[in-house]
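Trainee: what's the 3D shape of this:
(chains A and B)
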Protein chains: 2
Amino acid sequence: MIIVKTIKEMQHNMKEVKRTGKTIGFVPTMGYLHEGHLSLIERAKQESDFVAVSIFVNPLQFGPNEDFDRYPRNIERDKKLAEEAGADVLFCPDTKEMYPDKPVVTVSVNRRTDALCGKSRIGHFDGVATVLTKLFHIVLPDKAFFGLKDAQQVAVVQGLVDDFNFPIEIVGCETKREADGLAKSSRNVYLTEEERKQAHHLYQSLGKAQGWLSDCDSGETEQKMIKYLEEHTVGTVEYCKVLSYPELLPPEKDDEKLIIALSVRFSKARLIDNVIIDNVLVKQGSGEETCSVH
Amino acid sequence: MIIVKTIKEMQHNMKEVKRTGKTIGFVPTMGYLHEGHLSLIERAKQESDFVAVSIFVNPLQFGPNEDFDRYPRNIERDKKLAEEAGADVLFCPDTKEMYPDKPVVTVSVNRRTDALCGKSRIGHFDGVATVLTKLFHIVLPDKAFFGLKDAQQVAVVQGLVDDFNFPIEIVGCETKREADGLAKSSRNVYLTEEERKQAHHLYQSLGKAQGWLSDCDSGETEQKMIKYLEEHTVGTVEYCKVLSYPELLPPEKDDEKLIIALSVRFSKARLIDNVIIDNVLVKQGSGEETCSVH
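Mentor: Numbering: from 1, shown residues only, chains lettered A, B, ... in the order given. You can find the predicted model right below:
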């Protein structure tokens, strides 16, 4: 695995790879790799001739009160893991390389941000879209791989690629889960023993919500999820939402896909999870009799 | 010359051209081609193996009170002119093809816009940067050619390419002029006979300003330009400015390049012109005695 730190060298290398007719798969990360990232790298390996991984903790996507400085970094461990998972090149520029000056241009995300995590993270997705626009031009991938645990990010990135006509296919990869269903995350280690035992109820609630949705409307389903999570965990529910996907608007009968998404704050970790499903509202009856929140 | 109307077909064609190892030169236009555009196409032909021209009147770069609907269009004439000048492909999508929905993402230009024409055209350069981001991904050029008569546009586009790391070289091409020095423009035909006779004084004033700058500061030079233009033309001076280039800020001694730019409104045409010069302020003496505005 080659390690590249400058934009010029990376862009040059990737142009050379393209010239040989190889397809390029790209996994952008902020480092501190976990099994979720590694499964993306493995998927990229399956679907491309050449795999590029980037590690860049992007200051533009952190708010003033967020944890940019405290964000965990371990580049030596990441190098080893990325290589083992099948990366051919690791691009790890520093901040000065990516943002030598205050940028003249940035990407503004005008939709899909005013819900779920975007609601409380103003400017976060502008930062994500801006750095990905840069990285896509530096890495020149045919396909880019993102985990669907961050479903809102995938929705924004799909909008970025569609609207800006990037010649890139976005591959949303299914969330990796522990044996009991808990979505894999670096943050799971911050759970207490008791919280970890309860945490599978997050995924349970997503399964139950799919059942409730065949009888209840989206608002009632959200209420039932909140009640379920409050009864089965010590966490504080930040949101439980049923929305259209990828637009993230209140669901209508003619939406193709829905997302059921939740965020629960435990003592030292905020966990998110979601499922994306075919729109069940089209099949829904009146439901008045079977649906009861209280 | 091939004519292409859909993004999918254009992107496919251009990928094929790239695959053969040919370099692609790109001239983006809003159509109604004049000699300025044709000289860009000819320049692109000299410097590239394959020349793509786009014609798209971009609604995003027109303000609500601007002339999007009235903007002149003559696609049949344009096809003939573009082909004669050496274009290999003409991309002319309609609005629905370029903007099927309200965009999820747009480009925001954060600098270089609060001066010259940008000052009165709020959002104009956001629209320019957004459509060029799309077009660059559709056309996949190695080089893109822009006229320096729109020097502020070139400054913004250079910022776009630098900040987003587009693997594209921006070529700013010198302004084409009539025999008396008047910058060529479609709008020159709107000048009355008297105005046309006076209009060479715009370029004259840019030459004189270079002389004044060796004795006067930028503010005094601007005043002298205004006085000169008011004395020698019936037009209304919109601005005369000496700024750093490409940042378009008040000039400092350590700026490399300066722009001297003007805009004059005649009865039926608003004309702009500029020169970009090495920074003469470094050589400037005290100048107190030789500089007099009044």
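Trainee: what's the domain layout of chain A?
Mentor: A:2-173, A:186-283 (automatic domain parsing).
Trainee: what secondary structure does residue A:264 sit in?
Mentor: strand (DSSP: H, G, I helix; E, B strand; the rest coil).
Trainee: Show me what it is bridged to.
Mentor: For residue A:264, the beta-bridge partners are residue A:237, residue A:271 (DSSP bridges).
Trainee: wait, doesn't it sit right on residue A:232?
Mentor: No - using C-beta atoms under 8 Å, residue A:264 makes no contact with residue A:232, being 10.5 Å away. C-beta here means a position set from N, CA and C on the backbone, and glycine is covered the same way.
Trainee: Which of those two has more residues huddled nearby?
Mentor: residue A:264 (26 against 15; other C-beta atoms under 10 Å in any protein chain shown).
Trainee: any idea how far that one is from chain B?
Mentor: 28 Å (C-beta to the nearest C-beta, to the nearest Å).
Trainee: ok, that residue - contacts?
Mentor: A:202, A:229, A:233, A:235, A:236, A:237, A:238, A:270, A:271 (C-beta atoms under 8 Å, 6 or more residues apart in numbering or on different chains).
Trainee: Now rank the residues you listed by neighbours and give me the top one.
Mentor: residue A:202 (26 neighbours).
Trainee: burial of the nearest residue to residue A:95 once chain neighbours are set aside, as a residue count?
Mentor: Excluding the flanking residues, the one nearest residue A:95 by C-beta to C-beta, 6 or more residues apart in numbering or on different chains is residue A:59, at 6.1 Å. Applying other C-beta under 10 Å, we find 15 residues neighbouring residue A:59.
Trainee: List the contacts of residue A:59.
Mentor: A:68, A:95, A:99, A:127.
Trainee: Could you double-check that residue A:62 lies in contact with residue A:70?
Mentor: No - applying C-beta under 8 Å as the test, residue A:62 and residue A:70 come out as separate, 10.1 Å apart.
Trainee: Now go through the contacts of residue A:59 and say which are in strands.
Mentor: Among the contacts of residue A:59, none falls in strands (DSSP state E).
Trainee: tell me which of these is nearest to chain B?
Mentor: Nearest to chain B among those is residue A:99, at 8.5 Å by C-beta to the nearest C-beta.
Trainee: ok, now which ones touch that closest one?
Mentor: With the criterion set at C-beta under 8 Å, 6+ apart, residue A:99 makes contact with A:59, A:60.
Trainee: Quick check on it: phi, psi?
Mentor: Note on residue A:99: backbone dihedrals following degrees, to the nearest 10 are phi -130, psi 80.
Trainee: per-residue pLDDT, it?
Mentor: Note on residue A:99: pLDDT of 98.
Trainee: ok so, going back, which one of the contacts of residue A:59 has the most neighbours?
Mentor: residue A:127 (19 neighbours).
Trainee: Residue A:106 touches residue B:111, doesn't it?
Mentor: No - counting by C-beta under 8 Å, residue A:106 does not reach residue B:111; the two are 10.5 Å apart.
Trainee: Go through stretch A:163-170 and flag the buried ones.
Mentor: A:163, A:164, A:165, A:166, A:167, A:168, A:170 (16 or more other C-beta atoms under 10 Å in any protein chain shown).
Trainee: And stretch A:265-275, how far out from the chain middle?
Mentor: 13 Å (C-alpha atoms, centre = their mean, to the nearest Å).
Trainee: Same question for stretch A:255-275.
Mentor: 11 Å.
Trainee: Could I get the average pLDDT for that stretch?
Mentor: Per-residue scores along stretch A:255-275 average to 95.
Trainee: try stretch A:31-49
Mentor: The average pLDDT for stretch A:31-49 rounds to 95.
Trainee: Kind regards, and thank you for your time.
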